[in-house]
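Engineer: Turn this into a model:
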Amino acid sequence: MTIPESDVPLRAMEIFEFVRDIDSFPNILIAYRILFVVAFTVASAERSSSKLKLLRNYLRLSMSQERLNGLATLCIRKAKLDEINIDAHI
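Structural biologist: Down below sits the predicted model:
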């Protein structure tokens, strides 16, 4: 069973092009531009957080308990760590 071409709803890009071509409804045109930008921004953020999650899982699995303890100690004593002049020790 196929749906007739006339019954298929328009896609967002087709509506955007139609509104742009008839040169009316400027607010709808602006709204569609914002919609397209927000969609890409959200997808980019989701991709970044997904990569961060994979990296965090990899680090958890590959670190030894000694290194995890050392990193936890550095986190707890961050104020003291900020006072250290790293350039003097290099």
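Engineer: okay, and for the chain, where does confidence drop off?
Structural biologist: Residue ranges of the chain with pLDDT under 70: 1-9, 39-47.
Engineer: again, only this time at 50
Structural biologist: Within the chain, no range satisfies pLDDT under 50.
Engineer: Now the element after the longest helix that it contains, going C-ward?
Structural biologist: For the chain, the helix with the greatest residue count under DSSP state H is helix 26-62. Using DSSP states H and E, the helix or strand that follows helix 26-62 towards the C-terminus is helix 65-76.
Engineer: What helices and strands are in contact with the longest helix of the chain?
Structural biologist: Helices and strands touching helix 26-62, by 3 or more CB pairs under 8 Å, 6 or more residues apart in numbering; DSSP states H and E, are helix 12-22. The way it works is simple: take the backbone N, C-alpha and C, and place the C-beta from them, glycine included.
Engineer: Of all the residues in the helix it packs on, which ones are buried?
Structural biologist: Neighbour counts over helix 12-22 (16 or more other CB atoms under 10 Å) mark Phe16, Val19 as buried.
Engineer: Show residues contacting it.
Structural biologist: By CB atoms under 8 Å, 6 or more residues apart in numbering, the residues outside helix 12-22 that reach it are Leu10, Phe25, Ile28, Leu29, Tyr32, Arg33, Leu35, Phe36.
Engineer: Could I get the residues you listed in CSV, plus columns for distance to Ile90?
Structural biologist: CSV is the format used below for these (distance: CB to CB, whole Å):
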residue, distance to Ile90
Leu10, 62
Phe25, 62
Ile28, 59
Leu29, 56
Tyr32, 54
Arg33, 50
Leu35, 50
Phe36, 48
